[in-house]
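J.: Fold the stuff below for me.
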Amino acid sequence: MTDRTATGYLGLFLICIYTLTAGGHYGGDGFWNYLTAQSLVIDQDVAIGDRTFLVKEMQEQYAATAGTGTVSRSGRRYSKYGLGMPLMETPFYAIGHLLSTMLPRLPADYLTLFTTSMTNVIVCALWGLLFFNFARSLGYQRTTVFWLTAMFSLGSMAFPYSGYGFSEPLVGIALLGATASFYQYRQTHSPASLVLGGSWMGLAMLTKLYTLVVLPIFLFYAWPTLKSRIAKHTPALVGPLILFLILIAWHNWIRYDSIFQTGYHLDTLVQKGGYQALWPTQILTAAYGYLFSTGRGLIFFLPVVLLVPLAFKAFKHTLPNEANLFLGLLGVHFFPLLLIIDWHGGSNWGPRYLLPIIPFLILPLGILIENSESGRQTTKYLGIAGFLFQLPGTLINPHLFVRFVLDKRIGDLIFHPGHPGDLIFSPYLSPILGGYYQLTSGIARYLTGNSLNYTISSGVERKIEASLASYDLIDTWWINALRTGFLSTGATVALLLGTTVLLATSVYAATKLRRWAGNLP
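T.: This is a model prediction of the structure:
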């Protein structure tokens with residue numbers, strides 16, 4: 001089997017798995033990207049239209065996140081987020097809008113939100129394909145590429161985030177695409193690779209402008225090849241960047257009458273002094289939180305990170321230029337985040353802001369897999385642990401556990417101080433542990449009719465416990481569809497048949513991929 005054929009099977013596998021586990025709805029940041037995509041399709045405008053939602057939950061979501069939208073001097077409401085994600089969602093919304101005209105019995109909002117929520121299913125599947133092919137281009141063996149891709153696609157936060165509405169997966173695929181393009185440029189000296197690299201970087205900036213800080217790292221990496229061809233090849237890189245910067249400037253201008261204002265300037269934290277803080281307590285807390293906390297720590301949400309220091313040592317010996325590139329990308333992304341006051345990202349799964357750089361932590365592990373049997377086994381087991389740690393975030397809505405803790409008053413988030421518990425630092429309130437409680441409770445409720453209690457110990461009360469009832473919903477789109485009661489008997493049968501086909505197809509594709517990889521240890 002050729003690598004190209006294996007790529008096709010991998011794409012089929014990832015699309016099926018990610019589709020099966022997607023929630024089919026959006027909240028928070030993703031909801032405002034959805035509203036912008038809606039306006040692009042319905043009004044051909046980026047201003048948020050004043051519409052009445054047919055679904056009560058969406059109306060409540062709109063009211064609850066009203067502060068996320070910003071109001072310009074013209075009085076029109078806009079999303080403060082970049083244009084990259086709404087543009088990516090536009091065709092998905094258009095498909096849902098078309099289906100709503102063909103299926104009038106179903107609420108149009110349900111259909112459009114469902115199809116739009118499939119955006120990250122495709123983005124993350126493409127991200128996995130790009131990771132697979134880049135790992136292969138680095139010279140890794142088939143078995144190694146198989147394990148690395150599995151660790152990234154199923155054993156990292158890419159798995160649960162394929163079903164969320166956040167824009168980090170799009171930033172991630174753009175950064176990896178730029179990396180692969182600049183790597184190809186050093187190998188082939190082709191200006192076409194620079195065009196691709198500039199386009200990928202432009203997409204990253206259009207999605208989240210801060211990614212501009214990584215551009216010097218790419219230029220430094222490409223310079224040995226570029227310096228002797230600078231007159232001929234520079235336009236190939238600069239041209240796409242200029243086009244994307246013009247689009248970013250236009251987006252800012254029509255919203256806020258300034259090419260330099262993005263909407264974040266109206267946020268509460270900015271009004272109080274800004275997002276960044278240079279206090280030692282801020283930097284140490286964020287560093288500890290990103291690496292070791294039970295709520296955001298990489299050692300829990302990406303266990304293979306424990307091997308990264310050892311892997312980079314060997315990787316630098318084998319591919320020194322690429323090792324320096326990866327370290328540069330990791331450094332310029334990670335260290336500025338330590339200064340961000342809301343470094344934790346809110347009520348999301350794991351260290352969301354680090355998701356775009358996860359590939360650069362996993363790719364060097366291939367050296368350990370190929371160099372020794374002990375390295376191979378340790379990496380494999382930590383990768384399996386990563387998969388198990390991602391399951392709660394994939395099958396359960398993490399925000400429900402946050403709501404459970406807040407509603408039952410058994411703890412609180414770091415950005416709501418004054419309560420005894422903490423969802424970011426307390427093992428009692430670990431989202432991974434809590435997610436497994438929710439998942440187990442949901443299964444128990446289905447089998448017995450009773451939800452489980454979540455219990456933590458207390459030095460005063462001995463224990464604090466609360467029922468997970470109504471917080472233990474398994475959150476996949478097809479289970480949610482069955483739960484709504486909108487479906488007829490025929491539609492229910494078709495839905496179950498469709499999910500069975502998706503599952504069977506994923507198993508078939510996985511079998512083919514295993515055959516491509518050869519003898520797996």
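
J.: Going by C-alpha atoms from here, please, whenever you check contacts or count neighbours.
T.: Noted.

J.: Report the mean confidence score over the helix ranked longest in the chain.
T.: In the chain, with assignment by DSSP state H, the single longest helix is helix 489-517. Averaged over helix 489-517, pLDDT sits at 92.

J.: just stretch 293-311 next, same as before
T.: The model assigns stretch 293-311 a mean pLDDT of 94.

J.: which of the residues in it are buried?
T.: 293-305, 307-308, 311 (16 or more other C-alpha atoms under 10 Å).

J.: contacts for it?
T.: 155-157, 288-292, 344, 349-351, 361-362, 364-368, 379, 382-383, 385-386, 389-390, 423-427, 429-432 (C-alpha atoms under 8 Å, 6 or more residues apart in numbering).

J.: Sitting in helices, which of the residues you listed do you find?
T.: Short answer: these in helices (DSSP H) are 288-292, 361-362, 365-368, 379, 382-383, 385-386, 389-390, 431-432.

J.: and Gly485, how many neighbours does it have?
T.: By the measure other C-alpha atoms under 10 Å, the count of residues near Gly485 is 9.

J.: so where's the stretch 301-450 of the chain shaky on pLDDT?
T.: Within the stretch 301-450 of the chain, the ranges that satisfy pLDDT under 70 run 411-421.

J.: who's in contact with Gly239?
T.: By C-alpha under 8 Å, 6+ apart, Gly239 lies in contact with 195, 198.

J.: Mind doing that once more with 10 Å?
T.: Shown in contact with Gly239 (C-alpha atoms under 10 Å, 6 or more residues apart in numbering): 194-195, 198-199.

J.: What is the nearest of the residues you listed to Leu10?
T.: Ser199 (24.8 Å; C-alpha to C-alpha).

J.: how far away is the closest one from Tyr454?
T.: Per C-alpha to C-alpha, to the nearest Å, Ser199 is found 48 Å from Tyr454.

J.: More neighbours: which of the two?
T.: Ser199 (25 against 19).

J.: What are the buried residues along the helix or strand hosting Leu439?
T.: For Leu439, the element it lies in under DSSP states H and E is helix 431-448. Buried residues in helix 431-448, counted by 16+ other C-alpha under 10 Å: 431-443, 445.

J.: Stretch 315-334 too?
T.: 315-316, 322-330, 332-334.

J.: Columns distance to Phe166 and secondary structure on top of the residues you listed, output as CSV?
T.: What follows is the buried residues of stretch 315-334, written out as CSV (distance: C-alpha to C-alpha, whole Å; DSSP: H, G, I helix; E, B strand; the rest coil):
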residue, distance to Phe166, secondary structure
Phe315, 31, helix
Lys316, 33, helix
Glu322, 28, helix
Ala323, 28, helix
Asn324, 29, helix
Leu325, 26, helix
Phe326, 24, helix
Leu327, 25, helix
Gly328, 24, helix
Leu329, 21, helix
Leu330, 20, helix
Val332, 21, helix
His333, 18, helix
Phe334, 19, helix
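
J.: Looking at those, which one is closest to Gln38?
T.: Nearest to Gln38 among those, with distances taken as C-alpha to C-alpha, is His333, at 31.3 Å.

J.: any residues touching the strand or helix carrying Pro336, and which ones?
T.: Here Pro336 sits within helix 320-337, counting by DSSP H and E. Identification of contacts with helix 320-337 by C-alpha under 10 Å, 6+ apart yields 138, 175, 179, 183, 210-211, 213-218, 220-222, 276, 283, 286-287, 290, 312-317, 343-344, 353-354, 356-361, 363-364.

J.: ok, the nearest residue to Tyr93 once chain neighbours are set aside - contacts?
T.: Sequence neighbours aside, Thr116 is the residue nearest to Tyr93 in space, at 4.9 Å (criterion: C-alpha to C-alpha, 6 or more residues apart in numbering). Contacts here follow C-alpha under 10 Å, 6+ apart; on that basis Thr116 touches 24-26, 30-31, 33-34, 37-38, 86, 88-97, 110, 165.

J.: So which of the buried residues of stretch 293-311 sit within helices?
T.: 298-301, 308, 311.

J.: will you turn those into CSV that also has distance to Val123?
T.: As requested, these are exported to CSV (distance: C-alpha to C-alpha, whole Å):
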residue, distance to Val123
Leu298, 23
Ile299, 25
Phe300, 24
Phe301, 20
Val308, 26
Ala311, 28
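
J.: just those now: which is nearest Leu338?
T.: Leu298 (14.2 Å).

J.: And the closest one, how far from Trp250?
T.: In terms of C-alpha to C-alpha, Leu298 sits 37 Å off from Trp250.

J.: rewinding a little: how about the longest helix of the chain: buried residues?
T.: Going by 16+ other C-alpha under 10 Å, helix 489-517 has these buried residues: 492, 495, 502-503, 505-506, 509-510, 512-513, 516-517.

J.: Turn those residues into CSV, including distance to Leu54.
T.: Shown next, in CSV, are those (distance: C-alpha to C-alpha, whole Å):
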residue, distance to Leu54
Thr492, 22
Leu495, 23
Leu502, 30
Leu503, 32
Thr505, 35
Ser506, 34
Ala509, 39
Ala510, 40
Lys512, 44
Leu513, 43
Trp516, 48
Ala517, 49
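
J.: if we can go back for a sec, give the other helices and strands that the longest helix of the chain contacts.
T.: With contacts defined as 3 or more C-alpha pairs under 10 Å, 6 or more residues apart in numbering; DSSP states H and E, helix 489-517 has these neighbours: helix 3-21, helix 142-153, helix 477-484.

J.: deepest of the ones you listed, which one?
T.: Sort the helices and strands packed on helix 489-517 by mean neighbour count, taking mean count of other C-alpha atoms under 10 Å, and helix 142-153 sits at the top with a mean of 23.

J.: check contacts around Trp250.
T.: With C-alpha under 10 Å, 6+ apart, Trp250 has these contacts: 244, 257-259.

J.: Kindly confirm my reading that it is in a strand.
T.: No. Counting by DSSP: H, G, I helix; E, B strand; the rest coil, Trp250 falls outside a strand, being helix.

J.: hang on, isn't Ser79 packed against Val46?
T.: Yes. Assessed by C-alpha atoms under 10 Å, Ser79 is found in contact with Val46 at 8.2 Å.

J.: any shared contact partners between the two?
T.: Joint contacts of Ser79 and Val46 (C-alpha under 10 Å, 6+ apart) are 35-36, 86, 255.

J.: Kindly give a single ChimeraX line that selects the buried subset of the residues you listed.
T.: Here is the ChimeraX command that selects the buried residues among the shared contacts of Ser79 and Val46 (16+ other C-alpha under 10 Å):
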select :35,36,86,255
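
J.: Among the shared contacts of Ser79 and Val46, which one lies nearest to Gly449?
T.: The nearest one, if we look at those relative to Gly449 and count by C-alpha to C-alpha, is Leu35, at 37.3 Å.

J.: My read is that the closest one contacts Pro86, right?
T.: Yes. Checked against C-alpha under 10 Å, the pair Leu35 and Pro86 is within contact range at 8.2 Å.

J.: Now do the shared contacts for those two.
T.: With C-alpha under 10 Å, 6+ apart, Leu35 and Pro86 have common neighbours 46, 79, 93.

J.: Can you pull the phi and psi angles for the last one?
T.: When you say that, I think you mean Tyr93. Note on Tyr93: backbone dihedrals following degrees, to the nearest 10 are phi -60, psi -40.

J.: Around it, how many other residues sit close by?
T.: 29.

J.: ok, it - contacts?
T.: If you count contacts by C-alpha under 10 Å, 6+ apart, Tyr93 has them with 34-35, 37-42, 86, 99, 111-119.

J.: so how far is Leu329 from it?
T.: Relative to Leu329, and taking C-alpha to C-alpha, Tyr93 is found at 33 Å.

J.: again, but for the second one
T.: Relative to Leu329, Ser79 is positioned 28 Å away (criterion: C-alpha to C-alpha).

J.: cool, and the first one?
T.: Separation of Val46 from Leu329 (C-alpha to C-alpha) stands at 32 Å.
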